[in-house]
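Colleague: Dropping a prediction and its sequence here:
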Amino acid sequence: MKKVAITGNIGSGKSWVCELWKQRFGIPVYSSDDAAKRMYFLPDVRRQICERFGGVFYVSENELNRKFISAMIFSDETAQRDLEGILYPALFIDFERWMARQNAPYVLFESALVFEKRLERRFDAVVMVTASETIRLRRAMSRDHCDETAIRARMSKQWPEEGKRLLSDYVIWHENDDEDETLKEQIQRLHIIFR
């Protein structure tokens, strides 16, 4: 079974593209963001996190200290690498187990940080979803109820679009927020290639 990574910077519309792909062709989508949230609460992962960062990482048995985590990730690269060193192995074990339960010619792995985290070698292909900066900014501000400054700060943590486009095997342009025919055609062309 082929593994296809779907990536894109904030506001690119990659989640919508994945949902449309799933609806139209029945291709399973593994959301790395959703899975990572679950990984924090696996007993072995929790133990390693508490050993490295202390109990301050968790507010309660089933709630993360999101303020602490956000501040740490943005201010301490060593701590961020240590956290990823705990989370990513668990995430990919989970992904492989999930993949073994699927019945499809290929699966999609949705992640904004494929290139930033050097994950591209784990996949048969990487598809980047992109749109103009103006559209990405508008989408992210609307979705996250943030101002432009906050979104631009998050954008600055991601690799530039141009570099990601050059490294990707395929690029999907998603300029319209509607389910337009151009987007459907792009997905269909890639579906034919991957199946």
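Modeller: Great, that's in hand.
Colleague: okay, which residue is most central for the chain?
Modeller: Closest to where the C-alpha atoms of the chain average out (CA atoms, centre = their mean) is Ser111, at 1.8 Å.
Colleague: what's near enough to touch that residue?
Modeller: Applying CB atoms under 8 Å, 6 or more residues apart in numbering, we find Ser111 in contact with Ala5, Ile6, Thr7, Ser32, Asp33, Lys117, Leu119. For the C-beta atoms, the positions are set from N, CA and C on the backbone; glycine is no exception.
Colleague: Please apply the same query to Ile172.
Modeller: Under the criterion of CB under 8 Å, 6+ apart, the neighbours of Ile172 are Val17, Val127, Met128, Val129, Thr130, Leu183, Gln186, Ile187, Leu190.
Colleague: Nearest residue to the last one in space, please, no chain neighbours.
Modeller: The shortest distance from Leu190 to any non-neighbouring residue, by CB to CB, 6 or more residues apart in numbering, is to Tyr170 (5.8 Å).
Colleague: and that neighbour, how far is that from Ser60?
Modeller: Between Tyr170 and Ser60 the computed distance is 43 Å (CB to CB, to the nearest Å).
Colleague: neighbour count winner among the two?
Modeller: Tyr170 (17 against 7; other CB atoms under 10 Å).
Colleague: wait, doesn't the more buried one sit right on Asp124?
Modeller: No: counting by CB atoms under 8 Å, Tyr170 stays clear of Asp124, with 11.4 Å between them.
Colleague: need the strands for this structure, in chain order.
Modeller: Using DSSP state E, the strands of the chain run over residues 2-7, 29-31, 58-60, 63-64, 106-110, 125-130, 170-173.
Colleague: on that earlier part again, need the pLDDT of the residue nearest to the centre of the chain.
Modeller: In this model, Ser111 is scored at 95, pLDDT.
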